[in-house]
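Asker: Task: produce atomic coordinates for the following.
(one chain, ligands or ions: 1)
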Amino acid sequence: MGEELLWVEIQDNIGWIKINREKKLNALNQNLIDALHHTFIDFQNNPEVRVIILTGSGDKAFVAGADIAEFSDFGPSEAARLAAHGNRVLFDQVAHLEKPVIAAINGYALGGGLELAMACHLRIASKNAKMGLPEVSLGIIPGYGGTQRLPNLIGKGKAMEMILTGDMVNADQALLLGLVNQVVQPEDLLESAVVLAERIIKNAPNAIKNAIKAINAADGSKSGFQVEEMMFSNCFGTEDFKQRVNAFLKKR
Ligand code: CO8
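Answerer: Prediction:
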């Protein structure tokens with residue numbers, strides 16, 4: 001697979017995953033999605049791991065989105081397949097993992113990147129983080145659960161505003177919205193994630209697992225996610241999508 005896609009380590013009952021695609025701002029391509037899927041399964045099955053911390057390499061981005069180059073020439077059916085696959089193997093997998101996953105958001109979390117952070121159970125952002133769902137600027141909509149998880153986290157009105165404008169929020173705004181649990185200085189990000197993990201690790205693993213299941217049961221209906229997949233793939237039939245994605249890839 002050439003360069004390593006993920007940096008993975010287990011230390012003091014914490015499973016660490018760092019996405020290692022700094023030059024592309026850790027944009028999620030298919031190989032990365034599959035590598036993350038396998039690592040989460042390994043951690044799920046390893047009794048030594050009690051909490052997982054997910055972060056991005058470099059000081060600029062957690063994940064700047066799904067890899068735009070990878071889906072730029074997709075039509076509706078390919079988009080539907082890609083979204084369904086990603087949701088099944090990664091986004092829903094993380095949301096329903098029996099061990100808590102903390103997103104340590106070290107910079108941009110955009111599009112699929114914010115959707116990944118929102119699939120995690122807890123989020124800590126560094127002061128320089130910027131978060132948003134800018135998909136509409138590319139002529140599409142969030143396809144990895146964003147239209148469902150954002151309103152669940154911050155309420156429908158604010159979610160409408162973020163998704164329809166595509167605007168980013170900074171870390172302090174995200175804290176006020178309830179989008180992140182904590183904001184810390186960039187140099188304190190990983191240590192703060194460890195402190196939060198330790199507060200969870202002292203509790204009973206079985207109770208933690210059941211709490212996650214119960215809280216997830218309060219999420220939006222399953223059919224909401226299916227409607228998102230349908231609306232998401234619809235966007236791929238349009239001229240607008242082709243023009244806007246090409247403009248991004250050709251640097252506008
Ligand atoms: N996909 C692919 N490449 C990317 C992405 C991305 N999402 N984001 C950044 N990159 C690449 C750039 O193309 C550039 O590559 P290169 O150096 O080879 O030219 C490199 O990363 C560095 O980026 P920039 O030069 O653009 O860095 P800046 O500091 O100028 O800008 C930004 C940083 C503002 C974050 C800018 O990179 C940006 O706007 N990125 C795109 C953000 C975005 O639109 N994200 C949403 C993508 S769509 C999405 O996530 C859909 C989710 C649902 C998909 C479902 C399956 C199909």
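
Asker: going forward, measure contacts and count neighbours with C-alpha atoms only.
Answerer: Fine.

Asker: So which elements touch the least confident helix or strand in the chain by mean pLDDT?
Answerer: In the chain, no helix or strand scores lower on mean pLDDT, DSSP states H and E than helix 222-234, which sits at a mean of 83. If you count contacts as 3 or more Cα pairs under 8 Å, 6 or more residues apart in numbering; DSSP states H and E, helix 222-234 packs onto helix 76-86, helix 146-154.

Asker: The helix or strand following the shortest one close to the ligand?
Answerer: Toward the C-terminal end, the helix or strand that comes next after helix 146-154 (DSSP states H and E) is helix 156-165. No: if you take Cα under 6 Å from any ligand atom as the test, helix 156-165 misses the ligand, and the best it gets is 11.6 Å.

Asker: What are the contacting residues of helix 156-165?
Answerer: 132-136, 147, 150-151, 168 (Cα atoms under 8 Å, 6 or more residues apart in numbering).

Asker: What about the ligand: which of the residues you listed touch it?
Answerer: Taking Cα under 6 Å from any ligand atom as the test, the ligand is in contact with 134-135 out of those.

Asker: Just the CA coordinates for stretch 54-64, please, in CSV.
Answerer: The C-alpha trace of stretch 54-64 is given here as CSV (Å, rounded to 0.1, in the frame of the first residue of the first chain):
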residue,chain,number,x,y,z
LEU,A,54,-8.8,9.5,16.7
THR,A,55,-6.8,12.4,15.3
GLY,A,56,-5.2,13.7,12.1
SER,A,57,-1.5,14.2,11.4
GLY,A,58,0.0,17.7,11.1
ASP,A,59,-1.3,20.9,12.7
LYS,A,60,-3.6,22.0,9.9
ALA,A,61,-6.3,19.4,9.5
PHE,A,62,-8.2,16.6,11.3
VAL,A,63,-9.8,15.6,8.0
ALA,A,64,-10.6,18.1,5.2
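
Asker: That one and the ligand in contact?
Answerer: Yes: Stretch 54-64 reaches the ligand (Cα under 6 Å from any ligand atom) through residue 64.

Asker: now what about that stretch, what contacts it?
Answerer: The contact list for stretch 54-64 (Cα under 8 Å, 6+ apart) reads 16-22, 25-28, 101-114, 129.

Asker: Can you name the residues of the stretch 101-250 of the chain sitting close to the ligand?
Answerer: Residues of the stretch 101-250 of the chain lying near the ligand (Cα under 6 Å from any ligand atom): 110-112, 134-135, 142-144.

Asker: ok, and the most crowded of those?
Answerer: Ranked by the number of neighbours (other Cα atoms under 10 Å), those place residue 144 first, at 31 neighbours.

Asker: returning to that earlier point: just checking, next helix/strand downstream of the least confident helix or strand of the chain?
Answerer: Helix 222-234 is succeeded, C-terminally, by helix 239-249 (DSSP H and E).

Asker: same question for that following helix, mean pLDDT?
Answerer: Averaging pLDDT along helix 239-249 yields 91.

Asker: Run the chain-centre distance for it.
Answerer: Put simply, helix 239-249 sits 23 Å off its chain's centre (Cα atoms, centre = their mean, to the nearest Å).

Asker: re earlier: show me the contact partners of the least confident helix or strand of the chain.
Answerer: For helix 222-234, the external contacting residues (Cα under 8 Å, 6+ apart) are 75-80, 83-84, 140-143, 145, 147-148.

Asker: Out of these, which comes closest to residue 190?
Answerer: residue 145 (25.9 Å; Cα to Cα).
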